[in-house]
Each structure stands twice: as structure tokens, then as C-alpha cells.
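# The following block contains a protein sequence and its predicted model.
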Number of protein chains: 4
Amino acid sequence: MTDYQKVIDRIYHTVGPMWPQAKPADYIPALAQADPSSYGIAINTLGGDTFSVGDSHVPFSIQSISKVFTFAMVARHLGDRIWESVGREPSGNPFNSLVQLEYEHGRPRNPFINAGALVVTDRLIDLYPRPKEAILDFVRSLSGNPDIYFDTAIARSERATANRNMALAYLMKSFGNIHNDVETLIDVYCSQCAISMSCVDLARSFLFLANRGVNPLAPGGPERILTPSQAKRLGAVMLTCGFYDESGDFAFRVGLPGKSGVGGGIAAYMPGNLAIAVWCPGLNSYGNSLLGIETLERFTTDIGNSIF
Amino acid sequence: MTDYQKVIDRIYHTVGPMWPQAKPADYIPALAQADPSSYGIAINTLGGDTFSVGDSHVPFSIQSISKVFTFAMVARHLGDRIWESVGREPSGNPFNSLVQLEYEHGRPRNPFINAGALVVTDRLIDLYPRPKEAILDFVRSLSGNPDIYFDTAIARSERATANRNMALAYLMKSFGNIHNDVETLIDVYCSQCAISMSCVDLARSFLFLANRGVNPLAPGGPERILTPSQAKRLGAVMLTCGFYDESGDFAFRVGLPGKSGVGGGIAAYMPGNLAIAVWCPGLNSYGNSLLGIETLERFTTDIGNSIF
Amino acid sequence: MTDYQKVIDRIYHTVGPMWPQAKPADYIPALAQADPSSYGIAINTLGGDTFSVGDSHVPFSIQSISKVFTFAMVARHLGDRIWESVGREPSGNPFNSLVQLEYEHGRPRNPFINAGALVVTDRLIDLYPRPKEAILDFVRSLSGNPDIYFDTAIARSERATANRNMALAYLMKSFGNIHNDVETLIDVYCSQCAISMSCVDLARSFLFLANRGVNPLAPGGPERILTPSQAKRLGAVMLTCGFYDESGDFAFRVGLPGKSGVGGGIAAYMPGNLAIAVWCPGLNSYGNSLLGIETLERFTTDIGNSIF
Amino acid sequence: MTDYQKVIDRIYHTVGPMWPQAKPADYIPALAQADPSSYGIAINTLGGDTFSVGDSHVPFSIQSISKVFTFAMVARHLGDRIWESVGREPSGNPFNSLVQLEYEHGRPRNPFINAGALVVTDRLIDLYPRPKEAILDFVRSLSGNPDIYFDTAIARSERATANRNMALAYLMKSFGNIHNDVETLIDVYCSQCAISMSCVDLARSFLFLANRGVNPLAPGGPERILTPSQAKRLGAVMLTCGFYDESGDFAFRVGLPGKSGVGGGIAAYMPGNLAIAVWCPGLNSYGNSLLGIETLERFTTDIGNSIF
């Protein structure tokens, strides 16, 4: 049996010293203040074990990882109807491009590019009368941590630099694919991106994906979040679209479904087995955590296992 | 000497019956109510003569023709500095495309596509404390008609369907090329598009362009609006960019600098000679007045003169 | 233990009657002559069992499935250097688009779009003095079938309609990414596409991919074709890029790495388990076998297993 | 009356010293050998006068200026039918882009981008049994110079670096818009680009365009080359499309219809008045002669006349 603690300890000490090679995101002032030497890893297995190393209990801004949570919240209500509004093909373009959106008449290519995530959050606003509270409830329940909150300084900072997301939202509204007021939508969206969670929180929150849609640690006993088929399909979309224009490369190097955020976090999972989260703020040229990807590549290589 | 009255009378009677072939713009409800059989032509010569036929005194919504007026208002203040914010190359794309804007980092290709006109109006707001009044003053002075107003029903209708222009403005704001609040900008822009003028008003307003920058009919005597060089250059931009994706074709068929609007108006001029305006609401597939272009093509063919 | 024969029999009888819904490829005259009601399925397990139903022994034109074979032939020689000439990101565009190729200076996005496959075959010509014979030897050895040949009528038909591939090759040559004479390259490429194999041949040929790079059935005993890491990575590229602009959807619906061809064939595999091939000539709008995808989706659903 | 000799002498001495600011084209080795300090200007008026200064009698490679001649040769036979195969809109993209060609199904935007010129030469091959001789005859007749030849060293050099033009031709052939063998087409095309003419030859050859389609200096007396309408329309296309992605800027700064070549030549004309040619090999970033454009801008400014 694999000794996961040993594996992540070894990776932590090998990869850790590389952090000066990459800089945190700077387009949002509040994110640029992250300590670039922060580095943590956490694993939760379906067997109930937790392993962690480094800054694995320090909360950070999950940013685009939140797109997985809002998607799950909407998909469990809408089922396959969600695919009428958003596609499931890789975008083949930098993560906030407007080009393909225009060619394809306001239907984003997938739910993990910004345009697609805006459509998903717009539907969430349709479905939940108090959308921000609903999002917090959902991630608190998945992670078992009632102290998860929005980082309001980051949310404000994000709101002040949201011109491009405003442009995306108005463009889709011109095609009829945004239903709600754009100001309201951007407010909810900037809040969801500003959720603060630790690696331990995230690994636990992704466990339902490794477990065919059932959260094994829900307070009242195992709770079905998605059907097995929905969970499998969400995994496929994460694998092909979860890392912006580096998705193919992540599948190639790591071979796990996952999702990254510009806060430097990555959460991923091995179906039927475990969930893993990494955090280190320095980003590569694609906007993904440099050490995060390095960590996960070494992880699947070390344990000799991936989905391929 | 050419008998312009005879020429436009003949064209009017030949071209007029074609109006059922084209439909007015319908994306703004208020524009769709235009009487499709309206048709007027007016000419003003530098010699001081006026010729007109048909509905040449009926005011209509000038829409994008207003882009020439706001450009002149800004260019006389900023001179060549305006070209730092907007290019002067044809767009090679439908008139409201976001594609090139993104590739070129928020600098629109020319001042006559919507994105470029928004930048120009944004600068106008920088320069004039009361921008809407300033625009009205300018067109009233050029046309000698103090009764020109905004059609507020159309301005409101336009404002309600401005999602795509909002998207353009926020995208350019994300690149730093819009200075003012987007809501304010769109409000001024929708008003300028909703100016009501007749063919007679428009022909007279374009006379300064035919006259190397000097309005010959200003109340206090000839008034310089633009330098000869600015006037020549504005003409070149109108010729290459004035008719959306049909600009090359307009140069080819008509051979005059001019500008069209989706209200069905076209204003054009022959340098050193005359200005001409046509109006008929039915549009061709490029969003230009079908009869307007037909009229102008016959006009330059009949008089055997164009800039080529 | 899953009774694979029962599973594919059931699918065969349920899906088979759907064939009139789709038409074979018609851009190559010789392909258009395929019998649209042909339908076969074959499975080879790592345990050594073979299951098949329908037209599973009838040879057909494997077309783009050949790209997997030529890639493996080149990758085993060049290792990671192959990625200097071709990327591994999904294309986000129809399968023979020139657009992205130009934006990215002649480096195709992945080895499974036509441009990428041309680069791979160009390298194969660098490496093998008699490239066509080498390709035949390779697929004969993998499949254990010495009677596999090129269908010369199809190769000729393909050669006569290769203008677009000629354009791709010359464009990449202008960027220095094609080394050999374009006529020679297209000749080899059209031959590889015209290889005739049956479902049984294909399933057996894909077994080395399910077996971490080792062909378990080679005549002289197990033979390593690719390293485990190369095999895993080729699988990731197949999953994200193997089905043109439908790759994301294939991952979503089926959840297996695989490759399709316009001849109506699809070969796929479940790592550590089995390889499967399907053939039915009628194509969907993306150029993939309509019944082939339906078959594989039902297969992973029925056995309750995929890589996700 | 304007003293043209004085005007061009003054410009020659002011602009000439700027030549070290720009480098000749280097993508064709034979062009890179041009003497970068060469500089000549020639004018021919409809009144029969010739003015010239500098290297105005030195032959140079006319390159893309030849597109005007082949277009005229084809247009006089096909009339408006030529526009079925090629458009007349500016391209809005660098001069050899494949992007728009693919979006618009193999129909080039205008006859002056490479793709459009290839279509025109393809039609010329349809019309003239000995196309290369026919081209030479045509330019010899227009210029009155029987000693004009192809520079075979340049033609060969061009042929050896024609991969991108081969790609364009095969792409259009895949859409059915090239009729002849691509190798033959490229051979004729590379020859026409390699025609050697001096400024004096070129100014005289463009006189028919300034003269409503009639060559006033033909040996047997005035000869109609194009109808007045064809001549006017060709002028409009030159103005909007004659300078690649700098066409709008050329209209803006110079205000004359014209055509440039990467050999550093520019030929232009003022309708009803004169033709002018300039040559200086150093190019700006758009591939147009830096001193050529500067010369023409000063020319129209000095004489206070342009088409605007």
C-alpha cells in the first residue's frame, strides 16, 4: 500500500525550493500580496485518511476552483439542460478570449473559462434566492468546515478590475445567454472567486468527485451531490478544460481531472481513490501554479498511477 | 454646367420604385417603425445652390452619420493625438466585431466602427463639460437649423438594446482606452445616434468637408472647423471606412467619401464641389441604405465625376 | 466478471438499426462507396480474450486512426523531442483549419489534427528509409496480421483530392516545420490513411496502449513499443485531441482515450484492461462515426467503468 | 501652373538623406542585394510632360506593382465577371494571411493581396496561351519601352521561397477557385513579380489610369485599355487595398490611388492629371517603401492637391 505521507513529504522537500522561479498573479492587487513562498499539499482518501504537509491549513483565495462548486450546484438542479447554455469542448484560446464567444453566438465553449462560469453563476442566481449564502453553505458542507468565508478585500479588489468580465457578460447578454442584471451577476461572481479555503478544505471538498458523486463525510452520513453519470462527466470536462490553455499539457503530464485558480491553488482527484489539493502562489505563463503542477506530476509519477 | 435638379429628379423617379426590395433596421424597435417608402435627396453646392427632391425635408434618425460630427468636434481639439487611441485602417470585419479589438489590445481600427466611435465620444466627454448640448450646438450651427433635437424615444430604445456596445466599452476600458464611466458614455452615445435631421440639414452640414474644412454658411461668415489637412484626412478615412464591411464596394461603385447610418441615411461629398444626402430606410445586407447607395452610384455615373 | 460478449451483442442489436441516420464521408469518392449498413465491434483484453460481433472481420479504411501508429513509430525514436515540432493542446477548431497554424507559426496544436499528422509523417520519412514499408511492417506486427495492405484505389482517390493537405504542408514548410519534399510527404500520408484493417485487427493493435506500452502478443514474446510514460502521455493526447472538435464531447460521453477515422472506424482502450474497435461508415457532423460513438458510450455505461 | 520639376527636386533633396532608416526586403535573397541608397522619382502628365530626378532610369524589381497590370489584362476580357472570383474589400490583415481566405471559402478579399493576385494570374493563364509573353507585351506597350524583361535571377530566387504562395494556391484550389496546375501558376506569378522597370517606365505605364482608361502614348495613337468605368473602379480598389495593411494610412497621408511593391517601388496617379512613380528599396514595417510614402505625402501636400 502506498504511503502517501512519505510521497508528499518527499515531493514537498524536492519541489519547495523552486518557488522563487514564479510570481503570484498581479492583476488583482490583493492577490499580489500573497506570500510567494507559501506551499502546502493535502490528500483525502476515500478510506478516510488525511495526509498533509506545509501550509496545508492556511486559507487562500480559491479563485477559479470555485467554478467546480457552482457548476455542481447548478448541474444537480438542471441536469443535462445546462449544456444548452454552455459547451464542453476545450477552448483552444487564452482563458478570457472574446473571439470564440462571438463566433459561437454567446455560448461559451465550456463551464471553466470565465464566460462559461459567468453563465453558470447566472443560472445559480436563477435557482437560489440568496446565491452568495447558498454558495457558502455548499462549500462549508462539502469541506466540513463552517468557518469558510469570502475574503471581502479580495472580492472588492476583484470587483474594481472586472471590466473584462463585464464585457463578457454584456456580450452574452446581447445574445440572450445572461438572464440577470450584469452588476448583480458580477457581484456574486467576484464573491465566489474570493472564497478562502485551505488545501485540507479543498481536498475534502473534492472527495465527492472521487466517490462517484457522493460526499462520504456529510454530517448526516453519505450524501449524493451528483449522479454517478454527472460526476463522471464533470471529471471529463475538468480533464479537458480545467487548466485554461494548458489543459492538454496537464492531462499529458499529470493525468488527473482537476481545476486550478490564479490564487495558486489546484484541486484534483483520482476516481475511486482520493482527492488532492496543492497551493503555491507563483504562476506559470498559463496562469496555473508552477509548483502545483510540478507537485502533481511528481505525485502521479511516484505512485505510478493516473487515469491513463 | 450640370443641371443637378434634373439629375436627381431622374434618379428619384427611376430608383424610387425599388423600395419594397429592402427592409428597415429592426434591431431597435423604434427604427423599425420608419415608413419604408420614404425617399429623399438633397444637394448643397459650394456655389450656394440647393437642390432637393422627395422627402428631403423630413427628419430621420441619422444614427452612425453622427460619428462624423463627433469626430470633427474631437479632432479640432486633439489634432493628431486622436490617432493614438484609434486607428485609420479598414476593419475587414462586420461592424460590431470584438475580434480585432481584442487582437489589437483595445485600440479600434478606425473611428467609424462602433468601438472607434465610442472612443471618440469618450474623448468628447473629456473635452466638453456638457457633451450632449455641445453636440446639438455643433450640428445646429453646421446645418443652420436651430430646431435639431435628439429623438428621445429612439435614444431610449437604443439604450435598452445596447448590451453589445456596453461589452465593447467595458472591453476597451479593460485596456485603459475608455476614461469615463461606461453608463455615462453609452448615454451620450445613444443620444448622438438619435439625432433627427433631414437630407437638407445633412447636405448642408457636410459642406465644410467639401470646402477644405471651412463652413461657408456659418451665421457670422465662413468659419474654419478643421484645417485643410484634417479635412482631407477625414475624407480619406470616410472613403476607406465609412460603410462598414461595404466600404471598398462603396468606393468602387460610388467613388465619394461618405458615411451611412442604419436609419437609412447617407451623406457624402465631392471635394471642392458639393455635398449630397440621401435617405431611404430599407437596408441591404451590410446595414447600408439599399436605395441610398443605388442613388449615389447613379449620381456619380450620370454626372461623369467622382474622386477617381 | 463482465461478460463482454453479452454486452457487445446487446449493444449491437440495439444500436445497429440506427445506421440509416448517417451518411459515409463523400469528399473522397472511394470512401463514399462504403456499405452504410456495415457495423462491427471487437474487443481484446489483456487477459488474452477476444470478443466480436457483426462485420468485425471486414477490412475498412482506417484513415486518421493511422495517426496513432505513425506517432508511436516516431515517438519511440525521438522521445520528447517530437514536442518541439507539434503541440499537445486541443485545437478548438474544425479539423483542417489553417487559422491556428498561422497564428502559431507553423507548429500544429497536436499530432491528431491533419497538420500535426503531416509533421509526424514528415519526421517518419526522416527516420525510415522506406517509410511506406515501415508503416506496413509496424501495423502487421501489432495486429499479428501479415495480410494488411494499403487500399491503392483509396490512396489514389485521396491523392487526387489532397489540395488542402498540400496547402497545410506548404504553409508549414514556409515556417521550416516540414523537411521533406511535399509531394513525397503527401504520397506517404495518403497511403497511411488508406491502410485497410478490420475491427479485430485494430483492437489487437491498440492493446499495447492498454498495456503500458508493451505489445503482449508480439510473435517473439512481449515487446516494448513505448515506455510506460510515453504510453500514458499518448493516451492523454488521444483523450483530449482524438476526435477533432468533438474530443471534449467524446471524453464527456465515453470517457476513454481513442481515435476515430472518417472511414467510420474508432479504436479506443481502457488502461490496464482492454482495447476495443468499432466500425460503421455513417458519420455525424463532426466527421466521427455516429454509431461508433453511440456504441462506445453504451459500452462504458453498461460496464460501469471508464477512466473517470 | 505647378512646376513639378522644382517640387520633386526639393522633395528629393529633403527626403533622400533619410534612406539609412530602412532596410530592403530580405526574404528573397536577390532583393536583399538592392543598393539601399537608390532613390528616384518620375512624373508623366497627361499634357505630355515628363519630370524626373535621381535614379529614375534605373530598372528595379516591380514585384506587387505587377498586380495592377495583370488585373487590367484580365479585367478588359472578363469585365465584371472577375468579381465573382475575387472581392474588392480591404483585407484588414497582414498581406499574406490565410485566415480570411479560409473563412471566406477561398475567395480572396481583393486582387492586390497575394491570394487575389494568384486568382487573377490564374485567369490570365486561362485567357492567354502564352501568358508570360503576353505580360511582357502589355507592359512594353504601356511604357513604350521594348527592353523590359523579367529578372530571371529574382524570379528563380522567388520561386525557391514560394512555399507560402504555394499554400495559398492549393488552399484556393481546394475551394475550386484556381483552375490551372499550381506549379505553372506559381511559375508565371514569380515571373510577373520579377519584371524590371524604372520609375520613368512605371509613371508612363500608369498614365492610362489617370486618363480614364486610355493609353495616350500608344504607338498607333491613343488606345483604350479599360472603359472609363473600369478605370475608375480599379482606382477605387487601389486606393482602399493597394498598400497591404497600410492602405488606410496611405489614403490618409497621400490621398492618391496607387500600388506598392516589396522591391521598394510605388506607382500612383492623380485622375485627369498625372502619374508618378518613386523607388527606394528600404521598407517600413508594413512592407512599403519608407521614402516612397514620405515622397508622395510631401508631393500631394506641396502641390495642395489630392483626390480628397
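Perfect, thanks for sending it.
# quick one, what contacts the residue lying closest to residue A:41 once chain neighbours are set aside?
Taking CB to CB, 6 or more residues apart in numbering or on different chains as the measure, residue A:41 lies nearest to residue A:8, with 4.7 Å between them; neighbours along the chain are not counted. Placement of C-beta: from N, CA and C, glycine included. For residue A:8, the contacting residues are A:41, A:43, A:51, A:52, A:53, A:299, by CB atoms under 8 Å, 6 or more residues apart in numbering or on different chains.
# quick one, phi psi at the second one?
What that stands for is residue A:43. Torsion angles at residue A:43 (phi, psi; degrees, to the nearest 10) stand at phi -130, psi 140.
# Hmm, it is touching residue A:275, no?
Yes - counting by CB atoms under 8 Å, a contact exists between residue A:43 and residue A:275, whose distance comes to 7.2 Å.
# okay, and the common contacts of the two?
Joint contacts of residue A:43 and residue A:275 (CB under 8 Å, 6+ apart) are residue A:203.
# so residue A:32 touches residue A:154, yeah?
No - taking CB under 8 Å as the definition, residue A:32 is not a contact partner of residue A:154, at 10.8 Å.
# Between those two, tell me which one has more neighbours.
Neighbour totals were compared for residue A:32 and residue A:154, and residue A:154 leads with 24 against 14 (other CB atoms under 10 Å in any protein chain shown).
# which parts of chain A sit against chain B?
On the criterion CB under 8 Å from any CB of the partner chain, chain B has as its neighbours in chain A the residues A:97-99, A:102, A:163-164, A:166-171, A:173-174, A:182.
# Tell me how far whichever residue of the stretch 51-200 of chain A sits closest to chain D lies from residue C:167.
Nearest residue of the stretch 51-200 of chain A to chain D (CB to the nearest CB) works out as residue A:103 at 9.5 Å. The gap separating residue A:103 from residue C:167 is 22 Å, by CB to CB, to the nearest Å.
# Would you mind telling me which of those two has the busier surroundings?
When residue A:103 is set against residue C:167 and neighbours are counted by other CB under 10 Å, the residue ahead is residue C:167, at 28 against 11.
# Mind giving me the packing neighbours of the helix or strand containing the more buried one?
Per DSSP states H and E, residue C:167 falls inside helix C:163-174. Using 3 or more CB pairs under 8 Å, 6 or more residues apart in numbering or on different chains; DSSP states H and E as the contact criterion, the elements in contact with helix C:163-174 are helix C:99-103, helix C:114-127, helix C:182-193, helix D:163-174.
# Run through who's touching the longest one.
So that's helix C:114-127. Taking contacts as CB under 8 Å, 6+ apart, the residues outside helix C:114-127 that touch it are C:64, C:67, C:70-71, C:73-74, C:77-78, C:82, C:85-87, C:95-96, C:101, C:108-111, C:131, C:134-135, C:164-165, C:168-169, C:172, C:177-180, C:184-185, C:188-189, C:192.
# repeat for the last one
Residues from elsewhere that reach helix D:163-174, judged by CB under 8 Å, 6+ apart: C:98, C:163-164, C:166-171, C:173-174, C:182, D:96, D:98, D:101-102, D:106, D:108, D:114-115, D:118-119, D:178, D:182, D:185-186, D:189.
# just the buried members of these?
Listed as buried from the contacts of helix D:163-174 are C:98, C:163-164, C:166-171, C:173-174, C:182, D:96, D:98, D:101-102, D:106, D:108, D:114-115, D:118-119, D:178, D:182, D:185-186, D:189; burial here means 16 or more other CB atoms under 10 Å in any protein chain shown.
# Who are the packing partners of the one helix or strand residue A:229 maps to?
Secondary structure from DSSP H and E places residue A:229 in helix A:228-241. Helix A:228-241 sits against helix A:66-78, helix A:207-210, helix A:247-253, strand A:258-260, helix C:228-241, helix C:247-253, with contacts defined as 3+ CB pairs under 8 Å, 6+ apart.
# got the buried residues for the longest one?
By neighbour count, with 16+ other CB under 10 Å as the criterion, the buried positions of helix C:228-241 are C:230, C:231, C:232, C:233, C:234, C:235, C:236, C:237, C:238, C:239, C:240, C:241.
# ok, now how distant is the fifth one from residue C:67?
In other words, residue C:234. According to CB to CB, residue C:234 and residue C:67 sit 11 Å apart.
# Find the residues that touch each one of the two.
With contacts taken as CB under 8 Å, 6+ apart, residue C:234 and residue C:67 have no neighbour in common.
# May I have the residues that are in contact with the closest residue to residue A:195 other than its chain neighbours?
By the measure of CB to CB, 6+ apart, the closest residue to residue A:195 outside its immediate chain neighbours is residue A:62, 5.1 Å from it. Remark: with contacts taken as CB under 8 Å, 6+ apart, residue A:62 is in contact with A:193, A:195, A:196, A:197, A:202, A:261, A:263, A:265.
# Most widely separated two among those?
Between any two of these, the greatest separation by CB to CB is 14.3 Å, found for A:193 and A:202.
# Find the nearest non-adjacent residue to the residue most central in space within chain A, please.
Central residue of chain A (CA atoms, centre = their mean): residue A:65, 1.6 Å from the mean position. Leaving out its chain neighbours, the residue that sits closest to residue A:65 by CB to CB, 6+ apart is residue A:261, at 4.4 Å.
# where does chain A have low pLDDT?
Across chain A, the ranges flagged by pLDDT under 70 are A:1, A:92-97.
# Name the nearest residue to residue A:256, ignoring sequence neighbours.
Leaving out its chain neighbours, the residue that sits closest to residue A:256 by CB to CB, 6+ apart is residue A:268, at 4.4 Å.
# Let me fix that, I meant to ask about residue A:101.
residue A:115 (5.3 Å).
# State the distance from the one you found to residue A:175.
Taken as CB to CB, the spacing of residue A:115 relative to residue A:175 amounts to 11 Å.
# Only the buried residues of stretch A:27-37, if you could.
Of all the residues in stretch A:27-37, those buried under the rule 16+ other CB under 10 Å are A:28, A:30, A:31, A:34, A:36.
# how close does the closest residue to residue A:284 other than its chain neighbours get to chain C?
Of all residues beyond its chain neighbours, the one nearest residue A:284 is residue A:290 (4.5 Å), with distances taken as CB to CB, 6+ apart. Going from residue A:290 to chain C by CB to the nearest CB, to the nearest Å gives 18 Å.
# so who does residue A:234 touch?
For residue A:234, the contacting residues are A:68, A:71, A:72, A:75, A:209, A:226, A:257, taking CB under 8 Å, 6+ apart as the criterion.
# now the end-to-end length of stretch A:19-31.
End-to-end distance for stretch A:19-31, by CA to CA, to the nearest Å: 16 Å.
# got the contact list for it?
By CB under 8 Å, 6+ apart, the surrounding residues in contact with stretch A:19-31 are A:32, A:34, A:36-37, A:39, A:61, A:63, A:151, A:153-154, A:156-158, A:161, A:262-264, A:280-284, A:287, A:289-291.
# Buried ones only from those, please, as a PyMOL command.
Buried residues within those, as defined by 16+ other CB under 10 Å, are selected in PyMOL through the command that follows:
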select buried, chain A and resi 34+36+39+61+63+151+154+157+158+262+263+264+280+281+282+283+284+287+289+290+291
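# Make a ChimeraX selection of the buried ones in the contacts of helix C:114-127.
Selection command for ChimeraX covering only the buried members of the contacts of helix C:114-127, criterion 16+ other CB under 10 Å:
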select /C:64,67,70,71,73,74,78,82,85,86,87,95,96,101,108,109,110,111,131,134,135,164,165,168,169,172,177,178,180,185,188,189,192
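# quick one, what contacts residue A:200?
For residue A:200, the contacting residues are A:42, A:44, A:50, A:52, A:56, A:57, A:277, taking CB under 8 Å, 6+ apart as the criterion.
# In strands only, show me those.
Secondary structure from DSSP state E places A:42, A:44, A:50, A:52, A:277 of those in strands.
# how about the residues of the stretch 1-150 of chain A near chain C?
A:87, A:88, A:89, A:90, A:91, A:92, A:93, A:100, A:109, A:110.
# if you skip the residues just before and after it, what's nearest to residue A:182?
Once its chain neighbours are removed from consideration, residue A:182 has its nearest residue in residue A:169; the separation is 4.6 Å (CB to CB, 6+ apart).
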